[in-house]
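In: generate a structure from the sequence data that follows.
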Amino acid sequence: MINVTAAVCRSKGKKVGLIVTGGAPVDNVQYELIEKQFDCMAEYLGWDMLFQKRYSANAKDELAKNEAVMAELEELGRAVKKLQ
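Out: Numbering: from 1, shown residues only. Model prediction:
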């Protein structure tokens, strides 16, 4: 099962990104379905979808211990911050 948390607000032009983490491999259809759902919401609400990232992890600290993933997320955070 994949857990997704979303704050839904009506604000045209809002810049949003999606990070989905689940226990299934990242090529699992669950991730694709979630991305499509968020694409639909973004289109309906007039949001600008900046990125979509998929991660697979089973332990709660698995991603935190993965240096490559953490570096990628930190770079993503810097890139998003520049857009504000």
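In: residues near the closest residue to Tyr31 other than its chain neighbours, how many?
Out: Using C-beta to C-beta, 6 or more residues apart in numbering and skipping the chain neighbours, the partner closest in space to Tyr31 is Arg54 (4.6 Å). (C-beta placed from N, C-alpha, C; glycine too.) By other C-beta atoms under 10 Å, 20 other residues sit near Arg54.
In: got the CA positions of the helix or strand containing Cys40 in CSV?
Out: Per DSSP states H and E: Cys40 is located in helix 29-45. The C-alpha coordinates for helix 29-45 follow below in CSV (Å, rounded to 0.1, in the frame of the first residue of the first chain):
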residue,chain,number,x,y,z
VAL,A,29,1.3,0.5,-11.4
GLN,A,30,0.3,2.0,-8.0
TYR,A,31,2.7,4.8,-8.5
GLU,A,32,1.5,5.5,-12.0
LEU,A,33,-2.1,5.7,-10.8
ILE,A,34,-1.3,8.1,-8.0
GLU,A,35,0.6,10.3,-10.5
LYS,A,36,-2.3,10.3,-12.9
GLN,A,37,-4.7,11.2,-10.1
PHE,A,38,-2.5,14.2,-9.1
ASP,A,39,-2.1,15.2,-12.8
CYS,A,40,-5.9,15.3,-13.0
MET,A,41,-6.2,17.3,-9.8
ALA,A,42,-3.5,19.7,-10.9
GLU,A,43,-5.2,20.3,-14.2
TYR,A,44,-8.6,20.9,-12.6
LEU,A,45,-7.2,23.2,-10.0
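In: okay, buried residues for stretch 13-27 please.
Out: When burial is assessed from 16 or more other C-beta atoms under 10 Å, stretch 13-27 yields the following buried residues: Val16, Gly17, Leu18, Val20, Thr21, Gly22.
In: and the second one, helix, strand or coil?
Out: Under DSSP: H, G, I helix; E, B strand; the rest coil, the three-state class of Gly17 is strand.
In: OK, contacts around Leu73?
Out: Leu73 makes contacts with Ile19, Lys53, as judged by C-beta atoms under 8 Å, 6 or more residues apart in numbering.
In: at 7 Å instead, please
Out: Contacts for Leu73 (C-beta atoms under 7 Å, 6 or more residues apart in numbering) come out as none.
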